[in-house]
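In: What shape does this take:
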Amino acid sequence: MNIDFLLEGEPEEELLAGFLKSSRSLVFEEYADIEQIEGRPAVYSHASVQRKSVSLGQMRAPLNAFESLSAVRRSAKNFSEKSISIGDLASCVLSSCGITATPNPIKEYFLLANPSAGNLVGTSIWVASRSVEGLDSGIYFFDRGNSSLNFIDTEFQSVYNTLIQPELRSAAAIVCIVGSFDRSIGKYGLRGARYIFLESGHIAQNLCMSATSRGLAACSIGGFIEDNLNESLQLDGILHSAIYCVALGSNIENE
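Out: Just a heads-up that it's a prediction; the model follows:
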């Protein structure tokens, strides 16, 4: 996204507010205009396809465990009403963005499951639990330092109601990835906002891969009412704002 229009010297909150508003798409209009893009190529092509090429499919080495897992990852659209276990939820969250090592505890230097620009940890995680065995329904904040879920509110349904696609609201849990823009922009300037989005994508992919490995259904979600979700998570929507969500649940195909 081009953010050159933002002027130098403006207060940080105003810069971020302008950036977020300019990058926020009107999801309802996008869904309404979906017919306008029918007939486009299935994948992006380039003029270079007419030149010499090397077929990677024929050169590929035998699949290893990760590649085999990647080959069966799917975005679920229909979730079973069955609960998932807190063990499965914990594994997915910790494998996606938890602390994996502490080389220097004194300086609080951590290694994470996800890449993070400058190791600034520019994201945080909230979980809306609807049907997780061993976990009361509600909204929780993931405390990375203690690898714990801290209870925030009982109104988990307010998070589910922000999802544009109602079929995703039967998921057992919604993991919300939140950007902490002040952490990254303090070091990298406005380019730090881009790193927040990249970090969110890394976490979402890790969540989906972990869910797949455990036989769960998962779906990455970009279609939600942003202001409402921020309100549900008690975020200001400027320095801290919801970026991405991942629905987790039981796979209806396994029933």
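
In: Please name the residues that touch the residue nearest to Asp236 when sequence neighbours are not counted.
Out: Leaving aside its chain neighbours, Asp236 sits nearest to Asn230 (7.3 Å; criterion: C-beta to C-beta, 6 or more residues apart in numbering). (Each C-beta comes from the backbone N, C-alpha and C, glycine too.) By C-beta atoms under 8 Å, 6 or more residues apart in numbering, Asn230 lies in contact with 236-237, 240-242.

In: now, which of those sits nearest Thr154?
Out: Comparing those against Thr154 with C-beta to C-beta places Ala242 closest, at 19.1 Å.

In: Phe110 - how many residues pack around it?
Out: Per other C-beta atoms under 10 Å, the neighbour tally for Phe110 reads 18.

In: quick one on the thing from earlier: most neighbours among the contacts of Asn230, which one?
Out: Busiest of the contacts of Asn230 [other C-beta under 10 Å] is Ala242, holding 25 neighbours.

In: Now do the SS call for Phe142.
Out: strand (DSSP: H, G, I helix; E, B strand; the rest coil).

In: Disregarding flanking residues, what is the spatial nearest neighbour of it?
Out: Ile125 (3.8 Å).

In: a strand runs through that neighbour, doesn't it?
Out: Yes. Secondary structure assignment places Ile125 in a strand (three-state DSSP).

In: For beta bridges, what are the partners of it?
Out: With DSSP bridges as the criterion, Ile125 is bridged to Phe142, Ile177.

In: Look up the pLDDT of it for me, please.
Out: Note on Ile125: pLDDT of 97.

In: got the buried residues for stretch 154-169?
Out: Residues 156, 158-160, 162-163, 168-169 are the ones in stretch 154-169 that count as buried (16 or more other C-beta atoms under 10 Å).

In: should've said stretch 188-195
Out: So for stretch 188-195, counting by 16+ other C-beta under 10 Å, buried means 188, 190, 192-193, 195.

In: one step back: give me the neighbour count for the residue nearest to Phe142.
Out: Neighbourhood size, Ile125 [other C-beta under 10 Å]: 21.

In: ok, the residue nearest to Asp236 to Ala204 distance?
Out: Note on Asn230: its distance to Ala204, by C-beta to C-beta, to the nearest Å, is 18 Å.

In: With Val127 instead?
Out: Val127 is 14 Å from Ala204, by C-beta to C-beta.

In: which element is Ile196 on?
Out: Assigned by DSSP states H and E, Ile196 belongs to helix 191-213.

In: other SSEs contacting that helix?
Out: helix 65-72, helix 86-97, strand 123-129, strand 173-180, helix 181-188, strand 216-221, strand 240-250 (3 or more C-beta pairs under 8 Å, 6 or more residues apart in numbering; DSSP states H and E).

In: rerun at 6 Å
Out: helix 86-97, strand 173-180, helix 181-188, strand 216-221, strand 240-250 (3 or more C-beta pairs under 6 Å, 6 or more residues apart in numbering; DSSP states H and E).

In: and these as TSV, adding mean pLDDT and distance to Met59?
Out: What follows is the helices and strands packed on helix 191-213, written out as TSV (pLDDT from 0 to 100; distance: least, C-beta to C-beta, whole Å):
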stretch	mean pLDDT	distance to Met59
helix 86-97	98	30
strand 173-180	97	35
helix 181-188	89	38
strand 216-221	97	30
strand 240-250	97	33
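
In: could you redo these as a markdown table and give each row distance to Pro105?
Out: Converted to a markdown table, the helices and strands packed on helix 191-213 look like this (distance: least, C-beta to C-beta, whole Å):
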| stretch | distance to Pro105 |
| --- | --- |
| helix 86-97 | 18 |
| strand 173-180 | 22 |
| helix 181-188 | 20 |
| strand 216-221 | 33 |
| strand 240-250 | 26 |
